[in-house]
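>>> Need coordinates for the following:
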Amino acid sequence: MKLNELRDNPGAAPKKKRVARGPGSGKGKTAGRGIKGQKSRSGVAIAGYEGGQMPLYQRLPKRGFNKPNKKHFAVINLGIIAKFVEAGKLDGKSAITEDALVASGAIRRKLDGIRVLAKGDIGTALNIEVTGASKAAIDAVEKAGGSLKVTNAAAE
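Here you go, the predicted model:
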């Protein structure tokens with residue numbers, strides 16, 4: 001078999017119907033759009049309109065609520081903090097603050113604060129000061145001999 005002998009399976013790619021190409025095509029003149037009216041014009045999309053019937057998106061029940069002043073925290077795992085300390089990008093001897101995490105590139109931006117989660121292993125004793133932390137993260141840091149200080153109790 002050669003490259004020039006490659007062919008698609010018969011019927012796998014049917015020929016595209018070319019509309020408005022004369023009466024012999026079966027879709028000539030008005031191209032299947034009928035005569036006049038909004039839908040016969042180009043550039044018209046009546047999305048969600050169901051001919052006067054109540055649209056589906058209005059018939060379905062509305063659920064839930066989006067809090068307008070919800071806090072968004074930047075999330076970081078303990079394993080990533082440990083990697084950055086090992087790589088020398090974070091100083092493990094001094095307190096690891098939110099500003100230090102941003103400066104080292106471990107996290108892009110603070111948002112409403114930084115929240116530490118417990119994924120990953122932490123071998124050395126670290127002193128971390130952040131806005132929030134999970135209970136498992138606090139336990140893991142204390143088990144390693146360090147301290148995890150949460151500056152805002154509401155974020156916990």
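>>> Check what pLDDT Thr151 gets.
Note on Thr151: pLDDT of 87.
>>> contacting residues for the nearest residue to it once chain neighbours are set aside?
Closest residue to Thr151 apart from its sequence neighbours, by CB to CB, 6 or more residues apart in numbering: Thr131 at 5.8 Å. All C-beta spots, glycine's among them, are computed from the backbone N, C-alpha and C. By CB atoms under 8 Å, 6 or more residues apart in numbering, the contact list for Thr131 reads Phe73, Glu98, Asp112, Gly113, Ile114, Arg115, Val150, Thr151, Asn152, Ala155.
>>> Quickly note the distance from Thr131 to Ile122.
Look at Thr131 and Ile122: by CB to CB, to the nearest Å, they are 19 Å apart.
>>> now swap in Gly79 and tell me
Distance, Gly79 to Ile122, by CB to CB: 7 Å.
>>> out of these two, which sits in the more crowded spot?
For Gly79 versus Ile122, neighbours defined as other CB atoms under 10 Å are more numerous around Ile122 (22 against 14).
>>> Thought Asp139 was touching the more buried one, still the case?
No - between Ile122 and Asp139 no contact is recorded; they are 10.9 Å apart, counting by CB atoms under 8 Å.
>>> What average pLDDT does stretch 104-116 get?
Summarised as a single mean, pLDDT over stretch 104-116 is 92.
>>> Now do the buried residues in that stretch.
Buried residues in stretch 104-116, counted by 16 or more other CB atoms under 10 Å: Ser104, Ala106, Ile107, Gly113, Ile114, Arg115, Val116.
>>> Over to stretch 126-133?
For stretch 126-133, burial by neighbour count (16+ other CB under 10 Å) applies to Leu126, Ile128, Glu129, Val130, Thr131, Gly132, Ala133.
>>> State the distance spanning the first to the last residue of that stretch.
End-to-end distance of stretch 126-133 (CA to CA, to the nearest Å): 14 Å.
>>> any idea of the mean pLDDT for that stretch?
Rounded mean pLDDT across stretch 126-133 is 92.
>>> Also stretch 57-73?
In this model, stretch 57-73 has an average pLDDT of 93.
>>> can you give me how far it is from the chain middle?
Distance of stretch 57-73 from its chain centroid, counting by CA atoms, centre = their mean, to the nearest Å, is 17 Å.
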